[in-house]
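J.: sequence first, predicted coordinates after that:
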Amino acid sequence: MNCSSESSLLAIDVGNTAIKVGRFHGADHPSSPFPIDVIRLDARSPNFDELRAWLPADPFTCCMASVYRQAAEEIVDWMRTIPSIRRVHQLQHSDFQIPIQVDHPDRVGQDRLANAVAARWAKSSESSAIVVDAGSAITVDLISAAGCFLGGAILAGQQASALALSSGTDLLPVISTYRMDDPPEVVGAATDSAIRSGVFWGAVGSIREIVERMQVHVGSASEIFLTGGDMRRLAPHLAPNAQYMPHLVLSGIALAARSQTSFA
């Protein structure tokens, strides 16, 4: 019996900054793997009361991917106290059921694998895919036309870049990139605005360059998928034909869950 065939499924993405929980129909529902509803919590101090109020009243199963072990342990312990939760399963690398053609498959972040699984589902069968996920880190990953995860590039996210500038220098201040609702002017008239310009447009330029070189690597144009907490601001300045899918990791977790016969 499929693990989510009798109840709705909660997919949980535990990142370094945020925990996202998405509700999906069970496996017997003929819907595509997009969440019905999503809640976002602070990974460092999750508001479990808010999560409890959001949870569906009907029985459900949970499937989790994590890159932040302590937060994952805390949320699993808490969920085991909720009577309506039938199972909580923490995904392993083998659960994603995608060929991983890198030197150390067991070291690939589960968020990257979830993105790859979702992109493989979304892309056309004859095309390769590139997934750009902009959050605490920015990852740019390549999925072959045959649906294999080939690896990619990892660079610092915008806030991590800003913190590195401050910690590595004497006079540069710490700035917050979380308040950057609009693209900054490229010519900053003060130190703060100059840092914001460098961080934002540096991320845009880095992503463009890596994507272009990956397409040269595979020898053809790839379908491009954009996701992550910072991508809403970055997406308009990247490839015009890219698809913005804000909950790609959650979709990949749901697809991985539906491929399982049971939770461990």
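T.: Alright, I've got the coordinates.
J.: what does the pLDDT read for the nearest residue to residue 14 once chain neighbours are set aside?
T.: The spatially closest residue to residue 14, leaving aside those adjacent along the chain, is residue 66, at 3.8 Å (Cβ to Cβ, 6 or more residues apart in numbering). For every residue, glycine as well, the C-beta is placed using N, CA and C. At residue 66, the model reports a pLDDT of 95.
J.: show me what contacts residue 66?
T.: Residues counted as contacts of residue 66 (Cβ atoms under 8 Å, 6 or more residues apart in numbering) are 12-14, 72, 90, 110.
J.: let me know the secondary structure of residue 202.
T.: Secondary structure of residue 202, reduced to three states by DSSP: H, G, I helix; E, B strand; the rest coil: helix.
J.: can you check residue 19 too?
T.: Secondary structure of residue 19, per three-state DSSP, is strand.
J.: again, but for residue 56
T.: Three states are possible here, and by three-state DSSP the one that applies to residue 56 is coil.
J.: state the distance from it to residue 136.
T.: Distance, residue 56 to residue 136, by Cβ to Cβ, to the nearest Å: 29 Å.
J.: quick one, helices of the stretch 1-150 of the chain?
T.: In the stretch 1-150 of the chain, the helices defined using DSSP state H, counting those that start in this stretch lie at 48-54, 69-79, 110-122.
J.: okay if I get those as JSON lines plus distance to residue 145 and mean neighbour count?
T.: Written out in JSON lines, the entries for those read as follows (distance: least, Cβ to Cβ, whole Å; neighbours: other Cβ atoms under 10 Å):
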{"stretch": "helix 48-54", "distance to residue 145": "39", "mean neighbour count": "12"}
{"stretch": "helix 69-79", "distance to residue 145": "33", "mean neighbour count": "16"}
{"stretch": "helix 110-122", "distance to residue 145": "10", "mean neighbour count": "25"}
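J.: out of those, nearest to residue 255?
T.: With distances scored as Cβ to Cβ, the stretch of these nearest to residue 255 is helix 110-122 (5.2 Å).
J.: what lies in contact with the closest one?
T.: For helix 110-122, contacts defined as Cβ under 8 Å, 6+ apart pick out 13, 15, 33, 65-67, 91, 93, 96-98, 100, 129, 131, 133, 139, 141, 143, 147, 149, 152, 223, 225, 227, 243, 245, 248-253, 255-256.
J.: roughly how far is it from the heart of the chain?
T.: 9 Å (Cα atoms, centre = their mean, to the nearest Å).
J.: kindly report the same for stretch 168-180.
T.: Chain-centre distance of stretch 168-180: 24 Å, with Cα atoms, centre = their mean.
J.: touching it from outside, list them.
T.: Contacts of stretch 168-180 from elsewhere in the structure, counted by Cβ under 8 Å, 6+ apart, are 158-159, 162-163, 165-166, 191-192, 195-196, 199-200, 230, 233.
J.: and that stretch, average pLDDT?
T.: Mean per-residue pLDDT for stretch 168-180: 85.
J.: sorry, back to before: how near is the residue nearest to residue 14 to residue 18?
T.: Counting by Cβ to Cβ, the gap from residue 66 to residue 18 is 12 Å.
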